[in-house]
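Asker: Give me coordinates for this.
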Amino acid sequence: VEAGYNNLNSIPGATFRIDNRKSSCAKSTSRISYVLWLECSAGAACVLQGRKQQGVSITRKVFICGYTCKLQLSSRRLVIKEHMESIRCVSTGNDNQCKAEPSKPSKAHTSALCLIPPSETWDQIQKIRCFNDKGFVRWMPHINLLYPFWDDKGDCFEEAAARATEALRSFKTFEVTLSRFDYFEHGRSCTLWLDPESPDLVQVQAALLGAFPECGDLSNDSSRGITKYSPHLSVGQWKTLEEVQGARNSLQESWKPIKFTARHIALISRKSYAAPFKVRYVVPIGSDREIGIQRLDVPYVATTTETFSQAIHESTTSAVSMSSSFGLGSQYDGVWNFAYGANMAREKLSGARGLNPMESKPGFLRGYRLSFSHRGAMGNVVPAAEDNAVVGGACRAPDGVHGVLHRLTSEQMGALTNMEHEYWPMEVNVEAYDGSTIRAVVFRSPPSRMIKDGLPPITRYLSLLQMGARDWQLDKSYCQFLDDLTSVDSRERGHEYYSSLDGKNRLDPWQKSEFVAKNGETCEDAEEQQKLGSK
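Answerer: Numbers count the residues shown, from 1 in each chain. Okay, here's the model as predicted:
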């Protein structure tokens, strides 16, 4: 026993010790055994000694990533008695030999290695994705290089970042242009995507594939007819070939090309299929190599802005922090939402919607006014400069919107965005009553979902606004404005409540998910879940 114990302690990366309180000695017809603890450093592995049982040779190999397992040691063999769930795989070994071997991380569709355009170039892309891409709430605009990728457990991502850095050592930063749309045909839908024009991108992917050969699903997957890597940035899914071709032609006419410099690649992961991705690590390319690997842990927040005006977006990120180039998720611990409608009322947000904010406080949105111009006379915010400022029948809306700032987790914000799926989640600056200015997300109706202004809201909806305004002690004059509004019973709403601004088209409700599995999975997610036999 002592000889075997000493031999085990010679394994690089592994430490064995006897737990005196739990050590035991028991005679049986075949062995004397002792209970020990094995502590193995990340990436190390142990080939356990074999044994004979009823004439059959049995040997075991246990892979461990920084965890402890309980073993049973005898003079002839080692047997797993209890183990952590992270211990994986069984293989052959040798009765007289123990050695250390590297552990291979498993792949997961909750991880990816990708190129992410800087956030200042996102707006034009996000306006398309918002109502067409089922991955909008979870996936940031991205060009996947390796997907699925190593499961983000233990220090696997730290090791992956180091390996990726080595693979990209000889590369320099390069330009990428997004100017042309194309599409993929699937069995029941089509995916529209932007073509990232850059010869360097394919070479970078090939180098990374050489470093992670087990992650070649985007280069060779016979089940999906993939024979080579095709870089793309997905913007949405359409049901039929005719629909996706029409969308491509229409978008191409109004598209303003985007050009940016690829300075780093990102390792991203998410907790579950429904959670937004988080930028865990960035690996520099070229001249940014002296910056080194950076751990960011920045969650993605699905938003749009109203700042896009240039024909060509030239991105230079050297003057801003690395984390800020990945969007709103880098600014706060959580995400601020500015509620101006029913979500001001606690019974709606915490009750019916089950969202409990980490923090809430009243605030004021300058430059906009309250409107009930969303389909069905639901709440909306529109620029205060618009001429028609009559709401609720006869009341004139004041300039500026008072409401409540809720600080949510990125997962809660993603859930709320899915609930408000007919609105744009738009970034705005809100003046909190405590004097601070907060960058927040406000839900605004796109023109395609707006009705004529001035129709009275429904009574139940208006009562939630009035209740929330009183509970949070909003500006007295604003509370009075809400109290003076007229309303109608929901059953009394006529056709004008569901007609477009020009009155020519009926606005039917939008479905949250049409193309793929429930909960808004992307095509990639749905395919993986189908393989796993789940919905």
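Asker: Determine the longest strand present in the protein.
Answerer: strand 174-185 (DSSP state E).
Asker: partners of it in the sheet?
Answerer: Applying DSSP bridges to the sheet, strand 174-185 is found paired with strand 190-197 (antiparallel), strand 258-262 (antiparallel).
Asker: residues near Leu349, how many?
Answerer: Using other CB atoms under 10 Å, Leu349 has 25 other residues around it. Where C-beta positions appear, they are placed from N, C-alpha and C, glycine not excepted.
Asker: Hmm, it is touching Ala339, no?
Answerer: Yes: between Leu349 and Ala339 a contact is recorded at 7.1 Å, counting by CB atoms under 8 Å.
Asker: joint contacts of the two?
Answerer: Jointly contacting Leu349 and Ala339 under the rule CB atoms under 8 Å, 6 or more residues apart in numbering are His406.
Asker: got any ranges where the stretch 101-250 of the chain has weak pLDDT?
Answerer: Applying pLDDT under 70 to the stretch 101-250 of the chain flags the ranges 101-103.
Asker: Distance to Arg506 added to the strands paired with strand 174-185, as a markdown table?
Answerer: Formatted as a markdown table, these follow (distance: least, CB to CB, whole Å):
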| stretch | distance to Arg506 |
| --- | --- |
| strand 190-197 | 26 |
| strand 258-262 | 35 |
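Asker: Same list, those strands, but as TSV with mean neighbour count and distance to Leu462 please.
Answerer: Converted to TSV, the strands paired with strand 174-185 look like this (neighbours: other CB atoms under 10 Å; distance: least, CB to CB, whole Å):
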stretch	mean neighbour count	distance to Leu462
strand 190-197	21	40
strand 258-262	22	42
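Asker: So for Gln245, which of the ones you listed sits nearest?
Answerer: In terms of CB to CB, the element of the strands paired with strand 174-185 nearest to Gln245 is strand 190-197, at 8.4 Å.
Asker: now for the helix or strand just after the closest one, which elements pack on it?
Answerer: The element immediately downstream of strand 190-197 (helix or strand, assigned by DSSP states H and E) is helix 199-211. In terms of contacts (3 or more CB pairs under 8 Å, 6 or more residues apart in numbering; DSSP states H and E), helix 199-211 is packed against strand 111-115, strand 143-146, helix 156-167, strand 174-185, strand 258-262.
Asker: one more time with 10 Å
Answerer: Applying 3 or more CB pairs under 10 Å, 6 or more residues apart in numbering; DSSP states H and E, we find helix 199-211 packed against strand 111-115, strand 143-146, helix 156-167, strand 174-185, strand 258-262, strand 264-269.
Asker: can I get the CA coordinates of stretch 208-218 in PDB?
Answerer: Output in PDB follows, covering the C-alpha atoms of stretch 208-218 (Å, rounded to 0.1, in the frame of the first residue of the first chain):
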ATOM      1  CA  LEU A 208      -7.400  29.100 -34.700                       C
ATOM      2  CA  LEU A 209      -8.800  25.800 -36.000                       C
ATOM      3  CA  GLY A 210      -5.200  24.500 -36.000                       C
ATOM      4  CA  ALA A 211      -5.000  25.400 -32.300                       C
ATOM      5  CA  PHE A 212      -8.500  23.900 -31.500                       C
ATOM      6  CA  PRO A 213      -8.900  21.100 -34.100                       C
ATOM      7  CA  GLU A 214     -11.800  19.600 -32.100                       C
ATOM      8  CA  CYS A 215     -13.900  22.800 -32.800                       C
ATOM      9  CA  GLY A 216     -14.200  22.500 -36.500                       C
ATOM     10  CA  ASP A 217     -18.000  22.400 -36.800                       C
ATOM     11  CA  LEU A 218     -18.100  25.600 -38.900                       C
END
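Asker: just the helices in the chain please.
Answerer: With DSSP state H as the criterion, the chain has helices at 2-9, 123-132, 156-167, 199-211, 241-254, 346, 410-419, 459-471, 476-484, 523-531.
Asker: still on that earlier bit, can you tell me which of the helices and strands packed on helix 199-211 comes nearest to Met419?
Answerer: Once the helices and strands packed on helix 199-211 are compared by CB to CB, strand 264-269 is nearest, at 24.2 Å.
Asker: by how many degrees do the closest one and strand 111-115 diverge?
Answerer: Computed by axes from the mean of the first three to the mean of the last three CA atoms, to 10 degrees, the angle separating strand 264-269 from strand 111-115 equals 160 degrees.
Asker: Give me the mean pLDDT for strand 264-269.
Answerer: Average pLDDT, strand 264-269: 97.
Asker: So what are the sheet partners of it and their directions?
Answerer: In the sheet, strand 264-269 lines up against strand 111-115 (antiparallel), strand 278-284 (antiparallel) (DSSP bridges).
Asker: Excluding sequence neighbours, find me the nearest residue to Lys228.
Answerer: Using CB to CB, 6 or more residues apart in numbering and skipping the chain neighbours, the partner closest in space to Lys228 is Ser219 (6.3 Å).
Asker: Do I have it right that that neighbour meets Thr227?
Answerer: Yes: using CB atoms under 10 Å, Ser219 makes contact with Thr227 at a distance of 8.2 Å.
Asker: Looking at the two, which has the bigger crowd around it?
Answerer: Ser219 (17 against 10).
Asker: need the contact list for the more buried one.
Answerer: Residues near Ser219 by CB atoms under 10 Å, 6 or more residues apart in numbering: 145-146, 205-206, 209, 213, 226-230.
Asker: just so I know, which of the strands paired with strand 174-185 lies nearest Asp399?
Answerer: Among the strands paired with strand 174-185, strand 258-262 comes nearest to Asp399, with 34.4 Å by CB to CB.
Asker: Okay, angle between the closest one and helix 123-132 too, please.
Answerer: Relative orientation of strand 258-262 and helix 123-132, computed by the same axes, to 10 degrees: 110 degrees.
Asker: Alpha carbons of strand 258-262, as PDB, please.
Answerer: Taking Å, rounded to 0.1, in the frame of the first residue of the first chain, the C-alpha atoms of strand 258-262 are listed here in PDB:
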ATOM      1  CA  ILE A 258     -19.700  49.600 -42.400                       C
ATOM      2  CA  LYS A 259     -15.900  49.400 -42.100                       C
ATOM      3  CA  PHE A 260     -13.900  48.500 -39.000                       C
ATOM      4  CA  THR A 261     -10.500  47.300 -37.900                       C
ATOM      5  CA  ALA A 262     -10.300  43.900 -36.400                       C
END
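Asker: what is the orientation angle of it with helix 199-211?
Answerer: Using the same axes, to 10 degrees: strand 258-262 against helix 199-211 is 40 degrees.
Asker: ok so, going back, any idea which of the strands paired with strand 174-185 gets closest to Leu355?
Answerer: Among the strands paired with strand 174-185, strand 190-197 sits nearest to Leu355 (CB to CB), with 31.0 Å.
Asker: What angle do helix 241-254 and that closest one make with each other?
Answerer: 40 degrees.
Asker: Could you check how far Val282 is from Cys114?
Answerer: Here the criterion is CB to CB, to the nearest Å. By it, Val282 lies 11 Å from Cys114.
Asker: where do the contact lists of these two overlap?
Answerer: Common neighbours of Val282 and Cys114, using CB under 10 Å, 6+ apart, are 265-268.
Asker: Can you select the buried ones from these in ChimeraX?
Answerer: With 16 or more other CB atoms under 10 Å as the criterion, this ChimeraX line picks the buried residues out of these:
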select :265,266,267,268
